[in-house]
Every structure is written in C-alpha cells, then in structure tokens.
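Engineer: just to be clear, the model below is a prediction. Sequence and coordinates:
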Amino acid sequence: METGLNENLLPISVVAPAAPSRVSQAAIKDPPDIIEIKKSVSFLEAQRLSNFNEQFGRSSQLTFHNGSINSMSLSADSQYIASCSSDLNIYVWMVESKQLVARFFGHKSKVNSVSFCENASLLASGSDDKTVKVWNMRMRKEELAFTGHTFSVLSVAFSPDAKIVISAGADKSIILWSLQRKAQEHKFTYGSQTMSLAFTSDSRYFAAGGSDNQIKVHNVFGKRWELGLDGHSQSVLSVAYSSTQQYLVSGSMDQLIKVWNASSGKEEFTLKGHTDEVFSVNLHKEIVKFEL
C-alpha cells in the first residue's frame, strides 16, 4: 500500500492548536478505578509491534517524550508508529529509519489514545481536554477538532474506510464522528465506561469493551447496539477483530483472553496463563481459523 508520506513527513514540525440482543445477562456494576492503568498500557498493538521490534532491534529506544506514553498506534503497512503522552505531544516515527518524522501539539491536557487510518494519511487522538482531533499526516497540521464529550476521551479508533472516528469518554459515552460531515454522527450513552474500541475490517461494526465486564457490538450504519457478549468477570481492557471478521478477541482484568464468534456472539474458548490484567490483545492478519 502506498502512503505517499515519505517526502511530506520530513522535516519535523510542530503543529500549534488550531435495547439489543444479548448472549447472556450480567449485572452492571459500578466501574472500578482503573482509568490510569488503562491509559498507561491499554492500546499497545502487541502482535504488530512484535514485527516492529524485529525491525528496530531489541536495543533500540525512542526517548523524546517527557511524560508517560499512554498509547501507540502502528500504521497498517508497518511504516509508521505514533505515540502520545502526558506531555501533550504526539510523535510519529518511521520504523525503517528509526527517525522522528513529525510532532503534533495542540491538545491542552494529556493525550490518552491515538489511531491511524488505514493508509496512514490521517491520525486521530483523544485527550483529557475532552476533545478528539484529527491530524493530516501529509500537511502536518490539525485537520479537525471534535467537541462533545463532557469528560476525558479515553480511547479513539479510525474506521478502515477513513470515514468515521469513534471515541469513548469517561462520561460513559461513545461518539461516532463523521469526517465527511465534520460533525457528530451519533452518540451512545451507557451506565459504564468504555475501555477499548475496535472496528471490523469492512467498517460496518465496532466492538466496545467496558468496565461493566461486557463487550458491546454496534452496527455503524444502523447506529444501534446489536449484541452483548458476557463472560468476563472484570473490566474488558482490549478488543480486536480478526481480518476475516470471523473472530473477536478480548482481554480483561480477570486475567483471561476470550475468543468469540463475531457473528453469533458465542464464546469459542478461553485462554488462561496470565497472572495479572490483560491490557492488550491482537490477532495476526493471516489467521483465518483456529484449530481446536
């Protein structure tokens, strides 16, 4: 996939501010106080970052941030990695050259989440300043700023078709933002916080892992919650779809990884082995089925 970013990203520049069906029913509990833990490590893309680590070498270090790194996103072609921090900065690195190629600054409080669109031409970010921003990677500038959350934005995700950005806030809402209309498309409000977001590869559905221990599957175009997946006993910190959209994988504070049938919502199996919270999960793109 061609991104056309190599020439445009150099040199480094600073950008100034400019009732669904359910698989089973579980009691909704008050969300635990785990926001800070989630912000610190939740959205590391484990499987693709392993490939990134091989290219960088295990001894390589990127040390420009002056605060905790709250989220990272690797572009689909593995050419770029973005990081955001409590120091208010967003940095973009080129994997092959190991060089810092862009710095975005515009949020007024710590940045909690970043997400590339499929071709890495745009980057979304969410912050404690309650805003969602979209950055133009080629022009190295802030493209859009969305306001609508009443508390911190904890997570953002780009649809693969680059038409929608979804954000989850500490205000217990999930908002769909239209890049074409440059406005809020729809808002879901729940009784608990959403800790993680993931789109299907066709951009038609997204999953939201919550502090109520449940995974909610939403229809993007129908703007409705379609399925509730219950099985975890504590907050769901990470969700990820397989590229075939056949499976949905989740990681939780209950130390378990669960694999679900994405269509029916049926739990396929559980993976055990962690002795502490599972902060991040992902699936290799070539996986098409599980041999049980």
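Structural biologist: Received it, and whenever you're ready, just let me know what you need.
Engineer: excluding its backbone neighbours, what's nearest Leu227?
Structural biologist: Sequence neighbours aside, Val217 is the residue nearest to Leu227 in space, at 4.0 Å (criterion: C-beta to C-beta, 6 or more residues apart in numbering). Quick note: C-beta positions are derived from backbone N, CA and C, even for glycine.
Engineer: residue closest to the middle of the protein?
Structural biologist: Centroid-nearest residue in the chain: Ala157, 4.6 Å away (criterion: C-alpha atoms, centre = their mean).
Engineer: ok, for it, nearest residue in space, not its chain neighbours?
Structural biologist: Leu197 (4.1 Å).
Engineer: and the one you found, how many residues sit next to it?
Structural biologist: Using other C-beta atoms under 10 Å, Leu197 is surrounded by 25 other residues.
Engineer: likewise for Gly191?
Structural biologist: Counted with other C-beta under 10 Å, Gly191 comes out at 12.
Engineer: does it really touch Asp212, like I thought?
Structural biologist: Yes: counting by C-beta atoms under 8 Å, Asp212 is a contact partner of Gly191 at 6.9 Å.
Engineer: please name the bridge partners of Phe188.
Structural biologist: Beta-bridge pairing of Phe188 under DSSP bridges involves Ile174.
Engineer: can you pull the contacts of it?
Structural biologist: Applying C-beta atoms under 8 Å, 6 or more residues apart in numbering, we find Phe188 in contact with Ser173, Ile174, Ile175, His218, Trp225.
Engineer: give me the pLDDT for it.
Structural biologist: pLDDT, Phe188: 97.
Engineer: still on that earlier bit, what comes into contact with the helix or strand the residue nearest to the centre of the chain falls within?
Structural biologist: Per DSSP states H and E, Ala157 falls inside strand 153-158. Residues from elsewhere that reach strand 153-158, judged by C-beta under 8 Å, 6+ apart: 35, 38-39, 42-43, 112-118, 122, 124-128, 130-132, 164-170, 193-199, 206.
Engineer: for the stretch 1-150 of the chain, give me the ranges with low pLDDT.
Structural biologist: Residues of the stretch 1-150 of the chain that meet the criterion pLDDT under 70 lie in 1-63.
Engineer: can you give me the strands in it?
Structural biologist: Remark: strands assigned in the stretch 1-150 of the chain by DSSP state E, counting those that start in this stretch are 14-15, 21-22, 69-74, 80-85, 89-94, 99-105, 111-116, 122-127, 131-136, 141-147.
Engineer: re the thing from before, select from the contacts of Phe188 the one having the most neighbours.
Structural biologist: Result: Ile174 is most packed of the contacts of Phe188 (other C-beta under 10 Å), 25 neighbours.
Engineer: ok, Ser68 to Asn89 distance?
Structural biologist: Distance of Ser68 to Asn89, computed by C-beta to C-beta, to the nearest Å: 12 Å.
Engineer: more crowded one of the two?
Structural biologist: The neighbour count for Ser68 versus Asn89, taken as other C-beta under 10 Å, is higher for Asn89 (20 against 13).
Engineer: check contacts around that one.
Structural biologist: Asn89 touches Phe64, His65, Asn66, Arg103, Phe104, Phe105, Val111, counting by C-beta under 8 Å, 6+ apart.
Engineer: any idea how far the second one is from Leu88?
Structural biologist: Here the distance between His65 and Leu88 works out to 10 Å (C-beta to C-beta).
Engineer: quick one: which of these two has more around it?
Structural biologist: Between His65 and Leu88, counted using other C-beta under 10 Å, Leu88 has the larger neighbour count: 20 against 17.
Engineer: what is the rounded mean pLDDT of the strand holding Ala157?
Structural biologist: 95.
Engineer: that one pairs with which strands, and in what direction?
Structural biologist: Using DSSP bridges, the strands paired with strand 153-158 are strand 164-169 (antiparallel).
Engineer: which residue ranges of the protein form helices?
Structural biologist: Using DSSP state H, the helices of the chain run over residues 35-41, 46-56.
Engineer: ok, Asn219 - how many residues close by?
Structural biologist: Neighbours around Asn219, by other C-beta under 10 Å: 14.
Engineer: whoops, I mixed them up, Ser264
Structural biologist: For Ser264, using other C-beta under 10 Å, the count is 11.
Engineer: distance of it relative to Glu226?
Structural biologist: 11 Å.
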